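Participant: What shape does this take:
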Amino acid sequence: MKRKLSWMCAVAVGMSLLPGAYGAPEATNDPNATAAPTAPVVAPATEGVMTATPARTEALTPATPPVAGTEPAPATEGAVLGQVMPGVEGAGAPVVQDGAPTRDVTLSFASIAPPPGSMVLKGLNPDGFVEFGMRSDEIISKATLNLTYTPSPSLLPVQSQLKVYLNDELMDVLPVTKEQLGKKTTAQVPIDPLYVSDFNRVRLEFVGHYRDVCENQASNTLWMDIGRNSALNLTFQTLQLQNDLSHFPVPFFDSRDNRPLELPMVFAAAPDLATQQAAAIVSSWFGSRSGWRGQRFPVLYNALPTRHAVVFATNDKRPDFLRDLPPAKGPMVRMMSHPQSPWVKLLVIEGRDDKDLLQAAKGIAQGSLLFRGDSVEVGEVKPLLARQPYDAPNWVRTDRAVTFGELKGYEEQLQATGLEPNPISLTLNLPPDLYLLRSNGIDMRLNYRYTSPATRDNSRMDISLNNQFLQSFNLLPKDETNRLLLRLPLLQGLLDGKTEVTLPTLRLGAANQLRFDFAYTNPLPGGTLDNCVTFQTVPNRVVIGDDSTLDFSNYHHFIAMPDLRSFANSGFPFSRMADLSDTLIVMPKQPNPAQLTTLLDTAGTIGAQTGFPAVNLTITNEGGDMQKKDADILVIGALPASLKDEKRIDMLVNATQSWVKTPTRDVTLIDTDDRDRQPQMQTEITSSGPMAAVVGFQSPYHDQRSVVALLADSPRGYELLNDALNDSGKRAAMYGSVSIIRESGVNSLRVGDVYYVGHLPWFDRIWYALSNHPILLAIFAAISVVLLAWVLWRLLRILSRRRLDPGNHE
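Facilitator: Prediction:
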């Protein structure tokens with residue numbers, strides 16, 4: 001009884017607190033106060049007049065201390081100042097405080113909606129959606145959806161409408177009026193921040209009618225166009241987090257944030273080699289987390305950052321703002337507040353010396369699941385199993401068949417629902433040196449299930465690879481699981497008139513999209529006013545089985561180099577070992593912040609491409625070490641003296657001077673004649689304008705190894721270089737042996753000698769050599785035919801002699 005009374009008292013106390021936290025706002029006597037809108041504000045229809053909305057804009061309002069004698073700022077809607085966030089439990093729960101920084105963000109549909117950004121909602125496909133996330137250290141205090149849409153002129157007013165949902169909660173209904181038919185219309189829909197979560201989906205549902213009875217949902221008069229300049233206007237407020245590493249990597253990286261990761265790295269001064277290696281490991285680990293978002297790691301020397309950052313400090317070398325930090329007793333990782341802002345956090349990697357920093361960095365890369373509290377001490381980091389070539393987590397396995405369940409990125413990726421189900425797609429990242437030239441195709445065992453059509457009709461499943469149609473299969477009216485054994489072609493020939501065009505379907509070293517489109521012949525209500533047929537349509541469900549497989553095993557690895565496209569898209573040849581154990585990075589003896597930023601950005605980019613941190617890379621500043629280690633070499637800054645006179649180099653950048661060798665014929669094709677690549681001219685230019693270059697050539701120390709040099713002439717040149725490596729569009733323009741980066745963009749050349757990395761059996765090597773020289777192949781084929789004919793002639797002659805003269809055994 002006593003326990004029951006205590007429970008009732010607790011409930012009563014909780015109910016008494018609800019009005020203050022979640023109830024309606026108190027009345028105010030201020031005549032100038034404006035009530036929050038509760039209904040959508042719809043502007044009158046206009047004659048095609050639209051106001052462009054930027055793709056993404058931000059305005060940051062820093063926290064300012066309150067001025068004496070002024071009224072405190074109003075409390076954030078849905079949160080009580082000085083209390084933990086509602087619904088968030090635990091000691092590490094974020095706290096809402098007055099005066100916290102805010103930022104205003106505009107997310108246009110062009111940036112967050114499926115391509116091309118605009119949507120056409122129809123009778124059969126009435127839904128459209130956009131998605132956005134909210135960081136763990138922020139709340140949304142205000143949200144507004146600004147829509148630009150054009151309804152079909154054939155719609156019935158009022159009966160036709162547009163519903164707006166947030167996370168399946170109805171926010172507003174926009175009825176279509178007579179004045180809006182066929183004209184651009186703008187509407188402002190307030191979004192209740194209380195329904196905003198970590199991951200959010202705004203769904204637009206079109207309810208369209210073009211006559212009162214006997215409608216056909218497939219009618220082409222049922223449509224509403226949502227403009228790509230529609231936008232979400234959001235106001236974010238920063239929360240004060242506790243110093244708790246159990247949420248790591250939050251707030252330094254938050255998977256809910258779709259923006260590129262920007263995480264400054266702070267050092268006391270130019271770091272030595274061990275500290276550079278520790279920083280590269282940490283940046284590659286964060287890169288493996290950021291993935292497709294992109295990442296930047298600007299470097300600061302003894303400067304206080306203005307945002308979440310990583311700080312490297314030893315007992316002897318630490319930034320001035322950490323001079324009061326107690327001496328470290330071993331490798332440690334600490335989370336602390338910014339000295340000047342409680343809303344900014346610092347991840348301090350500290351130790352007695354540089355070796356401790358390296359061990360702490362490996363602890364982050366391999367053991368962050370054990371982090372808790374405000375600090376942890378990293379003990380032994382012991383590898384139990386060595387990495388194998390081509391085992392990067394983001395790459396498709398090539399040592400055995402791989403299931404679709406291993407390739408999917410989220411739980412419901414391989415299923416779809418609807419009258420016209422959305423396409424099901426998978427991304428395949430393949431090693432760039434996979435040799436598939438003589439293969440007939442890739443084996444795919446496909447298991448799939450679907451809602452059976454009522455009758456045998458034209459319902460089908462279409463399979464395509466990289467937007468190239470492969471094959472179509474009928475959907476039959478039966479209830480059994482379908483199993484197919486397919487072969488994905490490597491080369492698909494299309495005949496167009498008198499021109500034969502060969503289109504490669506599999507792209508090595510890049511993302512491949514395997515897509516399944518299910519097309520149903522759906523019975524729909526309709527008829528005439530005198531003979532109307534009505535019934536309830538039932539959505540179709542389609543599923544691709546997780547046990548479906550692709551088999552890339554039993555293929556050799558062989559590639560023609562230099563190939564900067566492989567480096568730009570997949571980090572090859574360094575990513576061959578996901579932990580970069582076969583990589584040697586050559587840095588300047590005293591790297592400046594721009595050069596160190598290039599190192600960290602490159603390590604982060606390779607980590608994003610492989611999905612694994614570079615825990616075993618080696619960094620040196622001595623050119624002589626290149627001869628001692630059998631490794632691929634990445635040069636950042638300036639070429640070592642031992643390489644400057646290397647004849648294989650086709651470009652060099654040194655301060656304001658640069659020279660480049662140009663080929664006999666400048667072509668962009670992958671398969672070019674070796675004579676076209678021969679250097680014909682060398683030109684030297686002197687200029688004060690910024691420039692950078694990426695140069696690839698064969699290592700002079702090991703025939704199977706490569707050198708990639710990242711060169712720039714100034715800090716601005718390094719900015720251009722880093723921007724290009726982080727921009728997917730500019731990376732796509734990199735190929736061949738030389739890529740020149742200027743303010744205008746990226747230009748590439750195929751110049752110089754070709755060398756080969758990998759291994760092929762002798763008969764495959766002969767075939768590969770002949771495939772690049774069709775004239776020699778024709779001569780070889782003719783000689784082979786003549787030899788075969790001669791052998792057959794001799795054999796037949798011997799047989800005829802034996803038959804005519806059995807005693808003669810010539």
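Participant: neighbours of the nearest residue to L414 once chain neighbours are set aside, just the number please.
Facilitator: Nearest residue to L414 in three dimensions, chain neighbours excluded: I544, at 4.3 Å (Cβ to Cβ, 6 or more residues apart in numbering). All C-beta spots, glycine's among them, are computed from the backbone N, C-alpha and C. Residue crowding around I544 was assessed by other Cβ atoms under 10 Å; the count is 25.
Participant: What backbone torsions are found at L121?
Facilitator: phi -90, psi 130 (degrees, to the nearest 10).
Participant: ah, wrong one, I meant S152
Facilitator: According to degrees, to the nearest 10, S152 has phi -60, psi 140.
Participant: do the one 5 residues further on as well
Facilitator: Phi and psi for P157, reported as degrees, to the nearest 10, are phi -60, psi 150.
Participant: who touches it in this structure?
Facilitator: Neighbour list for P157: 175-178, 181 [criterion: Cβ atoms under 8 Å, 6 or more residues apart in numbering].
Participant: Same list (these) but as JSON lines, adding pLDDT and distance to A724.
Facilitator: Formatted as JSON lines, the contacts of P157 follow (pLDDT from 0 to 100; distance: Cβ to Cβ, whole Å):
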{"residue": "P175", "pLDDT": "95", "distance to A724": "49"}
{"residue": "V176", "pLDDT": "94", "distance to A724": "47"}
{"residue": "T177", "pLDDT": "94", "distance to A724": "50"}
{"residue": "K178", "pLDDT": "93", "distance to A724": "53"}
{"residue": "L181", "pLDDT": "94", "distance to A724": "48"}
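Participant: So which of those is surrounded by the most neighbours?
Facilitator: Of the contacts of P157, with other Cβ under 10 Å as the count, V176 tops at 24 neighbours.
Participant: who's in contact with it?
Facilitator: Listed by Cβ under 8 Å, 6+ apart, the contact partners of V176 are 151, 155, 157-158, 160-162, 224.
Participant: Mind doing that once more with 10 Å?
Facilitator: 149, 151-152, 155-162, 185, 206-209, 224 (Cβ atoms under 10 Å, 6 or more residues apart in numbering).
Participant: ok, now T455?
Facilitator: Counting by Cβ under 10 Å, 6+ apart, the residues that T455 touches are 477, 521, 523.
Participant: Tell me the one among the residues you listed nearest to V266.
Facilitator: Compare each of the contacts of T455 with V266 using Cβ to Cβ and the shortest gap goes to T521, at 62.5 Å.
Participant: pretty sure that closest one is touching R460, no?
Facilitator: Yes: counting by Cβ atoms under 10 Å, T521 touches R460, with 9.0 Å between them.
Participant: what is in contact with those two at once?
Facilitator: 453, 475.
Participant: Can you give me the domain assignment for the chain?
Facilitator: According to automatic domain parsing, the chain comprises the domains 38-64+77-238, 245-377, 401-524+537-551, 558-758, 773-804.
Participant: In JSON lines: those, plus distance to R765.
Facilitator: Formatted as JSON lines, these follow (distance: least, Cβ to Cβ, whole Å):
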{"stretch": "domain 38-64+77-238", "distance to R765": "42"}
{"stretch": "domain 245-377", "distance to R765": "35"}
{"stretch": "domain 401-524+537-551", "distance to R765": "10"}
{"stretch": "domain 558-758", "distance to R765": "8"}
{"stretch": "domain 773-804", "distance to R765": "13"}
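Participant: For D391, which of the ones you listed is the nearest?
Facilitator: That would be domain 558-758 among the domains of the chain, by Cβ to Cβ, at 6.0 Å.
Participant: State the mean pLDDT of the closest one.
Facilitator: Across domain 558-758, pLDDT averages out at 84.
Participant: Helix or strand, whichever it is, which one in this protein has the lowest mean pLDDT?
Facilitator: Of all helical and strand segments in the chain, the minimum by mean pLDDT, DSSP states H and E falls on strand 499-504, at a mean of 34.
Participant: Beyond that one, next helix or strand please.
Facilitator: Note on strand 499-504: by DSSP states H and E, the next helix or strand toward the C-terminus is strand 511-519.
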